[in-house]
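K.L.:
here is the input, now give the coordinates:
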Amino acid sequence: MAIYRSLSVVLYISLLTCFNCKPLNGEQCVYTTQDGFIDLSPLASDNETARFTALDSQTNYEYLWSPCNPFNEDAACDNALVCQYIVAIDFYVLMARQDAVLQHNASQGYTALYYVGTDPRDGVTRNTYIELVCSPDVEGQFQFNREEPLGTYHLTLSSKYACMSSVQTTTSTSAAPKTTTSTSAVPKTTTSTSAGPQTTTSTSAAPKTTTSTRAVFTTTSTTTIAPTPPPSPDTPTAAPGPAPTPFNLMTITILLFCILLALCVLNCMICLGLITRSSTVGASASSPGHVNHAFEKKLLN
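P.N.:
Below you'll find the predicted structure:
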């Protein structure tokens with residue numbers, strides 16, 4: 001029974017461990033990389049409103065974001081993490097409901113949260129990249145950068161909570177080996193003989209010492225999660241195009257043209273044969289005397 005319980009605990013911990021940098025061990029807004037972890041939980045909102053708002057001054061669109069807890073804004077942005085608000089017409093657009101995936105590239109110094117979502121009203125999928133900039137003196141500053149390409153939005157969070165911390169290590173140590181000494185009595189026999197036919201035997205106890213040692217091992221376990229970040233937003237993966245078909249409009253047109261050309265050549269050959277045959281028959285009919293002369297000659301023979 002103890003073995004089954006241990007397996008259940010291991011399975012539960014495995015399910016809590018995230019491969020692609022989502023919150024670690026059930027903790028909200030704690031993202032891990034091969035270089036450390038980022039804890040955004042101090043930026044969580046206390047109520048169901050967006051924690052940050054950024055304005056695009058060119059389009060007059062606002063972008064609402066909550067890094068940890070979902071918020072509710074209008075019916076379209078119910079239980080949302082990222083939303084777009086069109087100020088001019090008082091209209092909300094859903095951008096993401098699912099948790100973010102952390103993208104981290106140490107060589108380029110790029111760390112960002114990636115969100116993806118689809119508004120069911122228009123069926124458009126929108127991608128959101130929020131770059132995390134380490135600013136030790138800033139609590140949290142959220143700003144809009146650009147929309148490039150269409151439907152892909154780039155924003156920036158500058159905060160002291162966006163700085164990378166060292167990897168957490170858990171170490172467990174047990175006690176040193178313990179030695180137990182036990183003493184047991186082993187009989188010792190002594191024989192004494194007197195001057196006569198009678199022999200007397202006396203037995204005394206002599207102690208025997210036995211030493212047993214039980215070794216207790218020391219175990220040190222280190223947990224390090226090093227996920228592989230998804231591809232950078234600067235190099236989007238192209239969607240697979242339709243498979244080429246063996247016949248298209250140009251190929252069919254060329255085949256029809258060749259067939260018509262062959263039919264024309266065949267018609268010309270047939271007409272030429274008919275004309276030649278007609279000429280031969282006409283020439284034979286135009287000289288009846290020659291034919292009759294040959295027939296008369298055959299009769300005479």
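
K.L.:
out of everything not next to it in sequence, what's closest to Thr128?
P.N.:
The shortest distance from Thr128 to any non-neighbouring residue, by Cβ to Cβ, 6 or more residues apart in numbering, is to Tyr115 (4.2 Å). For every residue, glycine as well, the C-beta is placed using N, CA and C.

K.L.:
surely the one you found forms part of a strand?
P.N.:
Yes - assessed with DSSP: H, G, I helix; E, B strand; the rest coil, Tyr115 lies in a strand.

K.L.:
distance check, it against Cys134.
P.N.:
Note on Tyr115: its distance to Cys134, by Cβ to Cβ, to the nearest Å, is 20 Å.

K.L.:
helices along the chain, start to end?
P.N.:
2-16, 249-285, 288-300 (DSSP state H).

K.L.:
lowest-confidence stretch among those?
P.N.:
The weakest mean pLDDT among the helices of the chain belongs to helix 2-16, with a mean of 39.

K.L.:
tell me which of Tyr115 and Cys134 has more neighbours.
P.N.:
The neighbour comparison of Tyr115 against Cys134 (other Cβ atoms under 10 Å) goes to Tyr115, with 20 against 15.

K.L.:
for Ala50, see how far away that one is.
P.N.:
Taking Cβ to Cβ as the criterion, Tyr115 is separated from Ala50 by 13 Å.

K.L.:
what's the answer for Ile130, then?
P.N.:
From Ile130 across to Ala50, the span is 13 Å (Cβ to Cβ).

K.L.:
so what sits against both of the two?
P.N.:
Trp65 (Cβ atoms under 8 Å, 6 or more residues apart in numbering).

K.L.:
nearest residue to Glu148 other than its sequence neighbours?
P.N.:
Nearest non-adjacent residue to Glu148, counting by Cβ to Cβ, 6+ apart: His154, 6.8 Å away.

K.L.:
so what pairs up with the one you found in the strands?
P.N.:
Here His154 sits in beta bridges with Tyr129, Arg146, going by DSSP bridges.

K.L.:
what's around it, how many residues?
P.N.:
By other Cβ under 10 Å, neighbour count at His154 equals 16.

K.L.:
residues contacting it?
P.N.:
129, 131, 145-148, 233.

K.L.:
how about 10 Å then?
P.N.:
When contacts are counted by Cβ atoms under 10 Å, 6 or more residues apart in numbering, His154 touches 112, 127-131, 144-148, 233.

K.L.:
ok, Leu256 next?
P.N.:
Taking Cβ under 10 Å, 6+ apart as the criterion, Leu256 is in contact with no other residue.

K.L.:
for Cys264, see how far away it is.
P.N.:
Separation of Leu256 from Cys264 (Cβ to Cβ): 13 Å.

K.L.:
please apply the same query to Val30.
P.N.:
When distances are taken as Cβ to Cβ, Val30 and Cys264 turn out to be 79 Å apart.

K.L.:
what about those two, which has more around it?
P.N.:
The neighbour comparison of Val30 against Cys264 (other Cβ under 10 Å) goes to Val30, with 19 against 10.

K.L.:
which residues does that one bridge with?
P.N.:
With DSSP bridges applied, Val30 shows beta-bridge pairing to Asp39.

K.L.:
pretty sure it contacts Ser41?
P.N.:
Yes - using Cβ atoms under 10 Å, Val30 is in contact with Ser41, at 6.5 Å.

K.L.:
re the thing from before, these two touch, right, the residue nearest to Thr128 and Leu102?
P.N.:
No - under the contact definition of Cβ under 10 Å, Tyr115 does not touch Leu102, with a separation of 11.1 Å.

K.L.:
any common contacting residues for these two?
P.N.:
With contacts taken as Cβ under 10 Å, 6+ apart, Tyr115 and Leu102 have no neighbour in common.

K.L.:
does Gln98 really touch Thr128, like I thought?
P.N.:
No - shown here, Gln98 and Thr128 do not form a contact pair, counting by Cβ under 10 Å, at 11.1 Å.

K.L.:
now do the shared contacts for these two.
P.N.:
Both Gln98 and Thr128 are in contact with 81-82, 115-117, where contact means Cβ under 10 Å, 6+ apart.

K.L.:
for stretch 52-69, measure first residue to last.
P.N.:
Using Cα to Cα, to the nearest Å, one end of stretch 52-69 lies 12 Å from the other.

K.L.:
buried set for that stretch?
P.N.:
Taking 16 or more other Cβ atoms under 10 Å as the basis for neighbour counts, the residues of stretch 52-69 that come out buried are 52, 54, 56, 61-69.
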